[in-house]
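*Asks:* sequence? don't have it. structure:
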C-alpha cells in the first residue's frame, strides 16, 4: 500500500510528557496532512476539527448510554448445539498445543534455553511474523477460560504467561517478541519487513485479555511495559526523523495497535497510552472515512478494519462523535458495496471497486480475518445504537462466515479464505485446509479467538432503574443475569427445511422478585405471517420484523417465553450494478446462506414462476433413509458405484465430506409411491421392489442402462422410465447384507474389475450367471456416504436441478454460492 497523503508535516515529538498534543506545532501540522485529492473548503474545516478533537479530547463526554457486554463468565453454550460443538472442537485444539513449542522463538530471542521444538508455518523460527499466533492464543485461552472454566486450560495459559514473563525479564527493556527488535529498525526506516507491529498488537491484546478475563496482574504489568517500550520507540522516530516518517511506516500492516492502546488506557489511565494510540490512528485512511468518501478500493482489507475498530474505541474513550461517525460510515460502505451474501468482504485480501463483485468470485474470497474484525465493528455499532441492522449483520456473518471455517469437528483444521466461486471447495483454495502444527496463518489466530468467544454477542445489558436485557442471537445457551438476579436458559429447536420456522424457548429461574425487561430481536428476515410469541402460554402482540419485542414484568421462577419466527426462502443479488451480472443471485433461508452442490454448473433456468416456492422445495425428513452407497471389495480395497459426470464407474473408498462421497450416494425412489413417505432402515425393506436410483447431487435424474454389455448412464427422470427401473434382490453371492440390481428382463448390473482402465458399471444379460459372475453382480449395501443436511432443499431448473444446503456445513464438497437465475 502507498500513503494517500500528498504532504506530511516534519515535526518532532515534545519531550514534555505533561503536554500530550499530537504535535507541538498545533493546527498547521495536522492541516498539512489533509488528503489533497479530496480538497474542498468544507472538508478541510472538518479535517481541522478532527485535530481539535484529538487535542482537547478530555472535553468530550459520551452522549447517551451504551449497552453493556455480558461477561463470557456468565454465558454458557449448550454443548449439543452447533455453536457448542464448534466451541468444544476449538477447546480441544487449544489443549493440544504445547507451551514449550509456542514460546520456543521467544526464548531463543531472549537468550534462554529452548526445550522442545518450534512449530512450523507462520510460527517457524525463520518467519518474520512469528509470535503473532501466540498473542492470539493468549486471547483465545482467556476467552475460552471465561466461556468454560476448564481448569486444564487455565493452568496452560498461566504457564504460558509465566514463560513469556521470563523472556521479557531476560531482555530487560520491556520488549517482548519472538523476533529481534531489529525488525523495527527496518520498519522505522521504511524498509521491507513483514508487519512487526501486527505481531506486537496480538501479543499486547492477548496479555490485556489475560488480565481482563483471567485477572492476571502479571499480564497487565507485561503489557504496560511493552507499551512504554514502544512509546519510546515512536518518540525516538519522530525526534530523530519526522512525524512523516512514523506515519509513512504505517503503510505496513500494524494490526489494531490503536485499539489495544485505547483499551489499555481505560485500565491504566496513562496519558502516554492515549497519545500512542492516537499515533496509530492512520490519518490517510480515517481521514477519508471522516470525509465520508467511499474510496476504500485497493486498500488491504484486514490492515484497515482493525484501524476502524481502534477508531471506535477512541469514541468510547474520548466521546468524540467524529469517530462514531467514522465507524458508522465505514460499516455502511462495506456492507452495501463490498460484501458477499455471507456478510464477508475482500477479494484476495483487498477491496475492489464498489459494486464490482460479479467477476471476482473464485477461491480467494473473504479472508477469515476480515469477518472476525467486521463482527467487532458491527458489535460496537449495535452497543451504541441498538439498531437492528447491526444485529442482523452479526448473525449473518457469524453463521455463514465463521461457523464454516472449521472442518467439522476436527480440532485445529481451519481455512484461510472462504471460496465463493462456481464449483469451488473449501479444500481447494490456495492455502487449502490448515494443519494442527504447521499452518498458524493469521486466520488461524482469529479462528481460535472466534470459536472461544461465541457467547459474547448473544446478550447485551441495558443499565437503569429497571434492568434490561437484549437478546440478539438465538443460540441455545444460558445466562446468569446478575444485575437482575435472574438466570435464563435459551433453547433453540434444530432448524429444518420441512418445518419452516425457528422456535425458541426461554425459561427464567430466580429466587427473587423484581421487574426486568427482555428485549427480544424479531429478525428482519422473518415475516409477520406466522410470527408468534407468548409468556406462560398467553399470546403477545408483536411488532413488525426488524424490531425488538419488549417484555417488562415481575419475572417469576419457571416463567417461559415461547417465540416462533417464520423462516422464508429468498434470493439476494450480488453487489454488482453491471447489466451482465443482474441475474447473479444467492439463495438464503432465514439467516442461512444455501450453497448448491455442483462442480461448476451455476445456471438455474426457471419457468415463469410467481414464487420462489414454485422452484425450491424442502427435502422431506425421511429422505436420508432412502440413501444408499453400493460397494464391492477387491482384496483390501473398497470400490463404490460412482457417478462421474454421468458416467457410472467403480471408484476407490471416498472420504467423508468429499465430492467422491457425494457422487457415490444415490437416493432410492420406490416405483410404488405409497411406500415412499415412510422411514426405511436397511436393505430388507427394498428386496424385490422396483426402484429408480437418483444421483445425490443431480435431483431429477436417474441411472439407466443401455442394453447388454453397455455402461450405465444418467438420464433425466420422466417419460418412459423402463430403462431406469431396477429390482433390488438379495445378492447372488449369498453374502448377508449384499444385494443385486436386476432389470425386468432378468439382466444384472455388473462390475467385473477386468482392468484398472475399465472400472465401468455395465449390464450383463447372460442366461446363466456363473459363480465368479455372482460376485460381480453383488454389492454390499451401506448407508449413503453423504446425507441430506436437515436444512436441505431441491432447486429445480429447466436444464438441471441442485441440492441446496447451508454453506457452513460443507467440508470438501464442490459448491456454488451464487447462481445465474433466469426465467
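*Replies:* Received the coordinates, thanks. Source: prediction; values computed, not measured. Residues are numbered from 1 along each chain as shown.
*Asks:* My read is that residue 711 contacts residue 759, right?
*Replies:* No: using Cβ atoms under 8 Å, residue 711 and residue 759 do not qualify as a contacting pair, with a distance of 10.1 Å. Placement of C-beta: from N, CA and C, glycine included.
*Asks:* higher neighbour count, those two?
*Replies:* Neighbours per residue (other Cβ atoms under 10 Å) separate residue 711 from residue 759, with residue 759 holding more: 18 against 14.
*Asks:* so who does that one touch?
*Replies:* 639, 649-651, 751, 753 (Cβ atoms under 8 Å, 6 or more residues apart in numbering).
*Asks:* ok, residue 323 touching residue 314?
*Replies:* Yes: applying Cβ under 8 Å as the test, residue 323 and residue 314 come out as touching, 4.6 Å apart.
*Asks:* The two: who's more crowded?
*Replies:* Counted by other Cβ under 10 Å, residue 323 and residue 314 do not tie: residue 314 has more neighbours, with 29 against 26.
*Asks:* Would you confirm that the more buried one belongs to a helix?
*Replies:* Yes: inclusion of residue 314 in a helix is indicated when DSSP: H, G, I helix; E, B strand; the rest coil is applied.
*Asks:* Pull the contacting residues for it.
*Replies:* Neighbours of residue 314 in contact, by Cβ under 8 Å, 6+ apart: 258, 262, 277-278, 281, 320, 323.
*Asks:* And those, which of them are buried?
*Replies:* 258, 262, 277-278, 281, 320, 323 (16 or more other Cβ atoms under 10 Å).
*Asks:* nearest to residue 551, of these?
*Replies:* residue 323 (34.4 Å; Cβ to Cβ).
*Asks:* Could you check how far the closest one is from residue 279?
*Replies:* Residue 323 sits 15 Å away from residue 279, going by Cβ to Cβ, to the nearest Å.
*Asks:* How about residue 580: what's its closest non-neighbour residue?
*Replies:* residue 358 (7.1 Å; Cβ to Cβ, 6 or more residues apart in numbering).
*Asks:* Same question for residue 250.
*Replies:* Per Cβ to Cβ, 6+ apart, closest to residue 250 is residue 282, 5.1 Å.
*Asks:* Return the distance of that neighbour relative to residue 326.
*Replies:* Counting by Cβ to Cβ, the gap from residue 282 to residue 326 is 11 Å.
*Asks:* These two - which one has more neighbours?
*Replies:* residue 326 (27 against 23).
*Asks:* still on that earlier bit, how about the residue nearest to residue 580, what does it touch?
*Replies:* 574, 576, 578, 580-581, 584.
*Asks:* Please tell me which one of those residues counts the most neighbours.
*Replies:* For the contacts of residue 358, neighbours tallied by other Cβ under 10 Å; top is residue 574, 24 neighbours.
*Asks:* pretty sure that one contacts residue 583?
*Replies:* No: counting by Cβ under 8 Å, residue 574 stays clear of residue 583, with 9.5 Å between them.
*Asks:* Report the beta-bridge partners for the residue nearest to residue 592 when sequence neighbours are not counted.
*Replies:* If you skip the residues right next to it in sequence, residue 592 has residue 806 as its closest partner in space, 4.7 Å away by Cβ to Cβ, 6+ apart. Judged by DSSP bridges, the bridge partners of residue 806 are residue 594.
*Asks:* In this structure residue 806 contacts residue 597, no?
*Replies:* No: taking contacts as Cβ under 8 Å, residue 806 lies outside contact range of residue 597: 11.9 Å.
*Asks:* Show me what the helix or strand harbouring residue 272 is packed against.
*Replies:* Using DSSP states H and E, residue 272 sits in helix 271-279. Counting contacts by 3 or more Cβ pairs under 8 Å, 6 or more residues apart in numbering; DSSP states H and E, helix 271-279 is packed against helix 217-240, helix 257-268, helix 301-318.
*Asks:* okay, the angle between the helix or strand that that helix is followed by and helix 257-268?
*Replies:* Per DSSP H and E, the first helix or strand lying C-terminal to helix 271-279 is helix 283-290. Put simply, helix 283-290 runs at 90 degrees to helix 257-268, going by axes from the mean of the first three to the mean of the last three Cα atoms, to 10 degrees.
*Asks:* pLDDT (mean, whole number) over helix 283-290?
*Replies:* For helix 283-290, mean pLDDT is 93.
*Asks:* Quick check: which ranges of this structure have low pLDDT?
*Replies:* Along the chain, segments meeting pLDDT under 70 span 1-64, 673-679, 753-758, 767-772.
*Asks:* Tell me how many other residues crowd residue 178.
*Replies:* What residue 178 shows, counting by other Cβ under 10 Å, is a neighbour count of 29.
*Asks:* Not counting its neighbours along the chain, what's nearest it?
*Replies:* Residue 178 sits nearest to residue 131 (Cβ to Cβ, 6+ apart), 3.1 Å away.
*Asks:* I'd say the one you found and residue 175 touch.
*Replies:* No: the criterion here is Cβ under 8 Å, and residue 131 misses it with residue 175 at 11.7 Å.
*Asks:* Need the contact partners of the helix or strand harbouring residue 94.
*Replies:* Using DSSP H and E, residue 94 sits within helix 82-96. By Cβ under 8 Å, 6+ apart, the surrounding residues in contact with helix 82-96 are 77-79, 137, 140-141, 144, 147-148, 150, 152-153, 156, 403, 406, 408-412, 436, 447-448, 451-452, 454-455, 475-477, 808.
*Asks:* go again using 7 Å as the cut-off
*Replies:* Residues outside helix 82-96 that contact it (Cβ atoms under 7 Å, 6 or more residues apart in numbering) are 77-79, 140-141, 144, 147-148, 150, 152-153, 156, 403, 406, 409, 411-412, 436, 448, 451-452, 454, 475.
*Asks:* Just these: which are in helices?
*Replies:* 140-141, 144, 147-148, 152-153, 156, 448 (DSSP state H).
*Asks:* For those, which two are the farthest from each other?
*Replies:* Pairwise distances among the ones in helices among the contacts of helix 82-96 were taken by Cβ to Cβ; the largest, 16.1 Å, belongs to 152 and 448.
*Asks:* okay, those two: which has more neighbours?
*Replies:* residue 448 (25 against 10).
*Asks:* Would you check how far apart the more buried one and residue 214 are?
*Replies:* 16 Å.
*Asks:* neighbour count winner among residue 131 and residue 175?
*Replies:* In terms of neighbours (other Cβ under 10 Å), residue 131 is the more surrounded of residue 131 and residue 175; the figures are 25 against 19.
*Asks:* Using neighbour counts, pick out the buried residues of the helix holding residue 272.
*Replies:* Neighbour count says helix 271-279 has 272-279 buried, by 16+ other Cβ under 10 Å.
*Asks:* Next, the angle helix 217-240 makes with that helix.
*Replies:* 60 degrees.
*Asks:* Next, give me the two most distant ones among the contacts of residue 358.
*Replies:* It's 574 and 580 that sit farthest apart of these, by Cβ to Cβ, at 11.3 Å.
*Asks:* so residue 803 makes contact with residue 699?
*Replies:* Yes: at 6.1 Å, residue 803 and residue 699 qualify as touching, with contact defined as Cβ atoms under 7 Å.
*Asks:* can you list residues touching both of these two?
*Replies:* residue 794.
*Asks:* Neighbour count: these two, which is higher?
*Replies:* residue 803 (26 against 20).
*Asks:* about what we covered before: same list (the buried residues of helix 271-279) but as TSV, adding distance to residue 662.
*Replies:* As requested, the buried residues of helix 271-279 are exported to TSV (distance: Cβ to Cβ, whole Å):
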residue	distance to residue 662
272	58
273	54
274	56
275	57
276	53
277	51
278	54
279	53
